[in-house]
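J.: Quick one, fold the following:
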Amino acid sequence: MTATTLVSQFPNKKITLIESPHIETVGVGESTVGGINDWMQLVGINGDDFMQYCDATYKLSIRFDNFYRKDSGFFHYPFGRPFVEGNRTETNDWHLKKMLYPDTPVSDYVDCLYPNMALVNKNKVTKNEDGILPNFNFLSDTAYQFDAIKFGLWLKEVYCLPKGVNHITSEVKEVIQNEDGIDYLLLENGRKVKADLFIDCTGFKALLIDKTLNEPFESWEDILPNNSAWATRIPYKNKEKELVTYTNCEAIGNGWVWHIPLWSRMGCGYVYSDKFISDDDALKEFQSHISREDLEFKKLKMRIGFHKRVWVKNVCAIGLSAGFIEPLESTGLMLTQEGLFNLTRALQRDYYSQWDRDEFSTVCKYDHRVMAEFVSMHFALSHRDDTAYWRDIQNREWCRSMLDLESQLIIGFQSAVFNRHIHFRLWSDISPHVSNGGIHCIAAGMHWFPTDKPSIRYSSSGRYDAIEKQFIESVKILEKRKKKWNKYVRGCKSHYQFLKDTVYFN
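T.: Residues are numbered from 1 along each chain as shown. Sure, this is the predicted structure:
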């Protein structure tokens, strides 16, 4: 992805990719989010170019099972933006619905606000070229699930090499430094490679930024509890049914399990903390959960956090070598592409200074920290207490850790906390991250609501009965349009059939 970005934006630069023939790639990161479309637009590719080669499927949402309590059910965080008609505030109308009708499942929140959830619930896909589903843009609100190794190979063979990227297959045996950072890389064949800028894409190893320049790494395990994973691949039993339009994340005893449906098989993994369960016991728990012991399993160790700086002297770190937060919201590739966008901006002036290095490091760290805090809310809002792992999560001081940075995400969320008992606070009034991002979906799914009946009675100045009648009318509008969306998708093709007809017809 780094070579692809650089050769697309700087075709006159000499770009060399050094790739070891002995070191495997991580091979996970098979699930993307909507931002992948922005990156593909930047470099000039689209899904039709690579999907058939990379075992790819479409993705409209992320589903979370049993995160609130054990056996509490599921909720979704769909892509795109909530559909708001006129000056209405439907994000709040649903909370009124939940208040009036307490048996309403939390999964209904996004069903009432996101038209594309009608597709997700029926496991169907449409390009919506007639615009009948409002607020759903297929090109921007649909992401991909693909074989990450095949995707990397496709980018190299189909994009990078034809555009002039110099590809060297060799292992770096020694890194020779000078006062400016790295003087040259000594390869196993004795070749010396010099450069103006070295970009560290060596994953968790962080060969250049960490092992060579010794840039300090800041752990974020105080708000992100998991540091290990087991991964495997599962063949389909019923492809039509199992090939869904979302990544499924299911909380279990010591972490959570992902299911990512690709065209030919399912990617599956267990993310956990080795502080509460050994690797061997985690594997057994994982195998028991999926009822499979006959598969090949791969163990991964994750370093959670971010380097103090990610551009030091003439070394810039991208991807896992810069930092990692954990895969719960499929942010790995997204944060890689954000880093590449930031690097592209920094190099536009053709030279770089200490200002450019520091600005790049600051922006990248902010991007990662905001996403880390967003992911941490999936744990902080949980009320699971069925194991030592979940009880530890219950007793962590989340707000103190997050307030140290005072990101917009947490300021917005805590504004809701501070105001929920004073007056009826609108989500859309709080913060761009709340109204446009996913925190409101996660909060609703985890039974954290910005208002309740006592709060409204308290602030209604004795007009509650009249206000409640207005609430009932608002709920009727939500129900009416949800039925309209569901009726429309009946004629759409299943995800499997859509892919078979439009992508895998060969």
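J.: Quick check: the nearest residue to V503 once chain neighbours are set aside vs K301, distance?
T.: Nearest residue to V503, sequence neighbours excluded (Cβ to Cβ, 6 or more residues apart in numbering): M51, at 5.0 Å. Using the backbone N, CA and C atoms, a C-beta is placed for each residue, glycine as well. M51 sits 31 Å away from K301, going by Cβ to Cβ, to the nearest Å.
J.: okay, and the helix or strand of this structure with the least pLDDT?
T.: Lowest on mean pLDDT, DSSP states H and E among the helices and strands of the chain sits helix 432-436, with a mean of 40.
J.: circling back: the more surrounded of M51 and K301?
T.: M51 (21 against 10; other Cβ atoms under 10 Å).
J.: check contacts around that one.
T.: Y144, F146, V503 (Cβ atoms under 8 Å, 6 or more residues apart in numbering).
J.: if I read this right, F276 contacts R391, doesn't it?
T.: No. With contact defined as Cβ atoms under 8 Å, F276 does not reach R391; the gap is 9.7 Å.
J.: and those two? which has more neighbours close in?
T.: F276 (19 against 12).
J.: Spit out the contact partners of the more buried one.
T.: With contact taken as Cβ under 8 Å, 6+ apart, F276 is in contact with N254, T387, A388, Y389, D392.
J.: tell me the SS of it?
T.: Three-state call for F276 (DSSP: H, G, I helix; E, B strand; the rest coil): coil.
J.: Which residue is the nearest non-sequential neighbour of it?
T.: F276 sits nearest to Y389 (Cβ to Cβ, 6+ apart), 4.2 Å away.
J.: count of neighbours near the one you found?
T.: By other Cβ under 10 Å, the residues close to Y389 number 21.
J.: what's near enough to touch F341?
T.: T5, D38, W39, L42.
J.: Give me the distance between it and L335.
T.: 11 Å.
J.: next one: Y351
T.: Taking Cβ to Cβ as the measure, Y351 falls 26 Å from L335.
J.: Between these two, tell me which one has more neighbours.
T.: Neighbours were counted for Y351 and for L335 using other Cβ under 10 Å; L335 has more, 23 against 7.
J.: can you give me the strands in the stretch 201-350 of the chain?
T.: Remark: strands assigned in the stretch 201-350 of the chain by DSSP state E, counting those that start in this stretch are 217-219, 228-234, 246-252, 255-261, 266-272, 298-301, 305-307, 311-312, 315-317, 323-324.
J.: between those strands, which one is nearest to L478?
T.: For L478, the closest of the strands of the stretch 201-350 of the chain is strand 246-252, at 22.1 Å, according to Cβ to Cβ.
J.: now for the closest one, which elements pack on it?
T.: In terms of contacts (3 or more Cβ pairs under 8 Å, 6 or more residues apart in numbering; DSSP states H and E), strand 246-252 is packed against strand 61-65, strand 255-261.
J.: just the angle between it and strand 255-261, please?
T.: 160 degrees (axes from the mean of the first three to the mean of the last three Cα atoms, to 10 degrees).
J.: May I have the strands that pair with strand 246-252, each with its orientation?
T.: Strand 246-252 has its sheet partners listed here by DSSP bridges as strand 61-65 (parallel), strand 255-261 (antiparallel).
J.: Please report the distance of K122 from Y488.
T.: 10 Å.
J.: same deal with V120?
T.: In this view, V120 and Y488 are 14 Å apart by Cβ to Cβ.
J.: do N128 as well
T.: Distance, N128 to Y488, by Cβ to Cβ: 9 Å.
J.: Show me which of these two is the more surrounded one.
T.: Between N128 and Y488, counting by other Cβ under 10 Å, N128 is the more crowded of the two (22 against 17).
J.: At which residues are the helices of the stretch 51-200 of the chain located?
T.: 90-100, 108-113, 117-122, 138-141, 148-154 (DSSP state H, counting those that start in this stretch).
J.: Could you list every helix and strand that the shortest one packs against?
T.: Using 3+ Cβ pairs under 8 Å, 6+ apart, no helix or strand is in contact with helix 138-141.
J.: Quick one: mean pLDDT for it?
T.: Mean pLDDT, helix 138-141: 93.
J.: Alpha carbons of it, as CSV, please.
T.: What follows is helix 138-141, C-alpha atoms only, in CSV (Å, rounded to 0.1, in the frame of the first residue of the first chain):
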residue,chain,number,x,y,z
PHE,A,138,-22.8,2.3,-2.8
LEU,A,139,-19.4,3.7,-3.7
SER,A,140,-18.7,5.3,-0.4
ASP,A,141,-20.8,3.4,2.1
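J.: what's the offset of it from the middle of its chain?
T.: Helix 138-141 sits 16 Å away from the centroid of its parent chain (Cα atoms, centre = their mean, to the nearest Å).
J.: Look up the closest residue to D356, ignoring the ones flanking it.
T.: Distances taken as Cβ to Cβ, 6+ apart place A346 nearest to D356, at 4.7 Å, with adjacent residues excluded.
J.: how much space is there between Y184 and V193?
T.: 6 Å.
J.: Kindly apply the preceding question to K483 instead.
T.: As judged by Cβ to Cβ, K483 and V193 stand 63 Å apart.
J.: List the residue ranges of the stretch 251-400 of the chain that fall below the pLDDT cut-off.
T.: Where the stretch 251-400 of the chain drops to pLDDT under 70, the residues are 399-400.
J.: at 80 what do you get?
T.: Scanning the stretch 251-400 of the chain with the threshold set as pLDDT under 80 gives 398-400.
J.: How about the contacts made by R490?
T.: R490 is in contact with K122, counting by Cβ under 8 Å, 6+ apart.
J.: How much space separates it from I132?
T.: Separation of R490 from I132 (Cβ to Cβ) stands at 12 Å.
J.: so W390 touches S382, yeah?
T.: Yes. Here W390 reaches S382: they are 6.9 Å apart, a contact under Cβ under 8 Å.
J.: Looking at those two, which has the bigger crowd around it?
T.: Legend: neighbour count by other Cβ under 10 Å for W390 and S382, higher for W390 (22 against 19).
J.: And that one, which helix or strand is it part of?
T.: helix 388-394 (DSSP states H and E).
J.: what's in contact with that helix?
T.: Contacts of helix 388-394 (Cβ under 8 Å, 6+ apart): 225, 253-255, 272-273, 276-277, 379-380, 382-385.
J.: re the thing from before, so who does the residue nearest to D356 touch?
T.: Contacts of A346 (Cβ under 8 Å, 6+ apart): W311, Y352, D356, E359, F360.
J.: Which members of these define the maximum pairwise distance?
T.: Among these, Y352 and E359 lie farthest apart (Cβ to Cβ), at 9.9 Å.
J.: residue contacts, V33?
T.: With Cβ under 8 Å, 6+ apart, V33 has these contacts: K59, I62, F79, A143, E329, S330, T331, M334.
J.: gap between the last one and E24?
T.: Here the criterion is Cβ to Cβ. By it, M334 lies 23 Å from E24.
J.: and the two? which has more neighbours close in?
T.: Taking neighbours as other Cβ under 10 Å, M334 and E24 compare with M334 leading, 21 against 9.
J.: wait, doesn't the more buried one sit right on I36?
T.: Yes. With contacts counted by Cβ under 8 Å, M334 reaches I36, the gap being 7.0 Å.
J.: What's the per-residue pLDDT of N87 here?
T.: 56.
J.: Neighbours of the closest residue to N189 other than its chain neighbours, how many?
T.: The spatially closest residue to N189, leaving aside those adjacent along the chain, is S170, at 5.7 Å (Cβ to Cβ, 6+ apart). Around S170 there are 17 other residues, counting by other Cβ under 10 Å.
J.: what's near enough to touch S170?
T.: Neighbour list for S170: I18, E19, S20, P21, L187, E188, N189, R191 [criterion: Cβ under 8 Å, 6+ apart].
J.: Just the buried subset of those residues, please.
T.: Burial by neighbour count, 16 or more other Cβ atoms under 10 Å: within the contacts of S170 this picks out I18, L187.
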